[in-house]
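Trainee: Fold the following.
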Amino acid sequence: MKLPSVWDVLGEEERVREIFKRSKDVEKALRSAKFLNPHEVLRICAEEKLKSLGYRIVKRDEAPDWIKKVGSPDIIAEKDGEFVIAEVKYSGQLERYSKAKNARFIIVTNVEEGNKVEIWGIKELEEM
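Mentor: Numbers count the residues shown, from 1 in each chain. As a prediction, this is how the structure comes out:
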């Protein structure tokens, strides 16, 4: 199989973005990707969700220094002076656990304050 060119990947990103914007269906966007991995498709869907909420996607070099100092999040967005940083994680393990319908599912991590963390799953991405 021939490796895709940069133009193939950039074109696919726009195609996947349009598919998600029209269909609001994450699984359809994931299935349509040939060259993009699931992480990139979820990033695209999350960017579109943030845009639908009135946020503007900010490039890292345009972000405030206090964001640059904490690292390179997958997404930086801003609306009315409020910034959102998003780290996209695609995990088969998390997907599998989320299917246990009769159990609460808790993700434990080393963030300082869990109440400042939102988790967006497929359902939240598709609600626009």
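Trainee: where along the chain do the helices fall?
Mentor: With helices called from DSSP state H, the chain shows them at 6-23, 26-32, 38-52, 65-68, 92-98, 122-126.
Trainee: Any chance of the ones you listed in CSV with mean pLDDT as columns?
Mentor: Shown next, in CSV, are the helices of the chain (pLDDT from 0 to 100):
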stretch, mean pLDDT
helix 6-23, 90
helix 26-32, 95
helix 38-52, 96
helix 65-68, 94
helix 92-98, 86
helix 122-126, 92
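Trainee: any idea which of those helices is most buried?
Mentor: Per-stretch averages of neighbours, counted by mean count of other C-beta atoms under 10 Å, single out helix 38-52 among the helices of the chain, with a mean of 20. Quick note: C-beta positions are derived from backbone N, CA and C, even for glycine.
Trainee: and the most centrally placed residue in the chain, what does it touch?
Mentor: Centroid check for the chain by C-alpha atoms, centre = their mean gives R43 as the closest residue, at 3.0 Å. Counting by C-beta atoms under 8 Å, 6 or more residues apart in numbering, R43 touches D74, I75, V88.
Trainee: again, 6 Å this time
Mentor: D74, V88 (C-beta atoms under 6 Å, 6 or more residues apart in numbering).
Trainee: on that earlier part again, pipe the helices of the chain into CSV and attach distance to V111 per row.
Mentor: What follows is the helices of the chain, written out as CSV (distance: least, C-beta to C-beta, whole Å):
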stretch, distance to V111
helix 6-23, 28
helix 26-32, 24
helix 38-52, 18
helix 65-68, 16
helix 92-98, 16
helix 122-126, 18
